[in-house]
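In: have a look; sequence and predicted model below, questions after that.
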Amino acid sequence: MSYDSEIDSDEPLPKNTKSDVNWLDLPKFSLKYPELFLRDRRNLGNIIINRMNTSGGTDIDWFIEHNGHFMIFELKHMNDDVMTISKALMQAFEILYKTLEKCHFFLIGYDEADFTKPEEFIWFLELGSWINNKDGIKDKCIDKQIQKKYIIEKKVMRKITVRQLRSIIDATWDDMK
């Protein structure tokens with residue numbers, strides 16, 4: 001069942017007895033102990049210090065395994081209608097995508113979107129389109145001045161709503177069964 005079909009149904013949705021908020025619209029995952037999460041992130045950030053030669057780290061924002069299939073999300077803030085990603089990081093994403101059997105990798109760009117609001121707009125790109133250089137997308141994104149990064153403009157991504165993103169994620173999940 002997709003996110004849209006649940007929302008568009010005429011049947012009333014179950015209510016949380018503790019409030020008016022519909023429990024289906026609440027985040028599925030939340031931090032049980034946010035102070036521990038912040039402490040661990042701070043500790044992780046404090047491993048690499050200024051006097052070291054090693055640079056800071058990066059991460060994958062969401063990594064899901066289900067029945068041997070994978071769904072990966074990378075979220076990037078858009079500045080002046082573009083996001084920048086190092087070529088090395090994109091190569092790592094490509095290796096993951098190609099190596100993992102049945103891998104779905106979504107690059108999600110956003111301005112000031114509030115992901116709790118289904119009609120907010122975001123920008124979406126499937127890594128498969130990137131790898132296959134569909135419509136010359138990869139070639140369009142090479143930074144001509146600094147060859148070590150890609151500049152991905154909104155015009156090469158799909159503008160969709162948070163609701164549509166949720167539907168894409170649910171449809172992908174259904175394919176993973």
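Out: Perfect, thanks for sending it. Numbering: from 1, shown residues only.

In: other residues contacting the one helix or strand residue 137 maps to?
Out: Residue 137 is part of helix 137-140, with elements assigned from DSSP states H and E. Defining contact as C-beta atoms under 8 Å, 6 or more residues apart in numbering, one finds that helix 137-140 is touched by 125, 129-130, 133, 150, 153, 156. Every C-beta, even on glycine, is put in place using the N, C-alpha and C of the backbone.

In: next up, the contacts around residue 99.
Out: No contacts exist for residue 99 under C-beta under 8 Å, 6+ apart.

In: what's the first helix or strand after the helix holding residue 137?
Out: Past helix 137-140, the next helix or strand by DSSP H and E is strand 149-153.

In: ok, then the element right after that next one?
Out: Using DSSP H and E, the next helix or strand after strand 149-153 towards the C-terminus is strand 158-161.

In: which of the residues in the helix or strand that that next one is followed by are buried?
Out: Sequence-wise, the next helix or strand downstream of strand 158-161 (DSSP H and E) is helix 162-175. For helix 162-175, burial by neighbour count (16 or more other C-beta atoms under 10 Å) applies to 162-170, 172.

In: likewise for stretch 152-164?
Out: Residues of stretch 152-164 classed as buried: 152-154, 156-157, 160-164 (neighbour count, 16+ other C-beta under 10 Å).

In: which pair of those residues spans the longest distance?
Out: 153 and 163 (23.7 Å; C-beta to C-beta).

In: gap between residue 78 and residue 176?
Out: From residue 78 across to residue 176, the span is 28 Å (C-beta to C-beta, to the nearest Å).

In: tell me which of those two has more neighbours.
Out: Per other C-beta atoms under 10 Å, whichever of residue 78 and residue 176 has more neighbours is residue 78, with 19 against 16.

In: specify the local secondary structure of residue 84.
Out: Following DSSP: H, G, I helix; E, B strand; the rest coil, we place residue 84 in the strand state.

In: how deep is it tucked in, by neighbour count?
Out: Residues near residue 84, counting by other C-beta under 10 Å, number 14.

In: what's the answer for residue 94, then?
Out: Neighbour count for residue 94, taken as other C-beta under 10 Å: 15.

In: ditto for residue 105
Out: Counted with other C-beta under 10 Å, residue 105 comes out at 22.

In: SS state for it?
Out: With three-state DSSP as the criterion, residue 105 reads strand.

In: what's the per-residue pLDDT of the residue lying closest to it once chain neighbours are set aside here?
Out: Spatial nearest neighbour of residue 105, chain neighbours left out: residue 127 (3.6 Å); criterion: C-beta to C-beta, 6 or more residues apart in numbering. What the model reports as pLDDT for residue 127 is 90.

In: look up how far residue 142 lies from residue 127.
Out: 17 Å.

In: higher neighbour count, those two?
Out: Regarding residue 127 and residue 142, a neighbour count based on other C-beta under 10 Å identifies residue 127 as having more, with 20 against 12.

In: all set, thanks.
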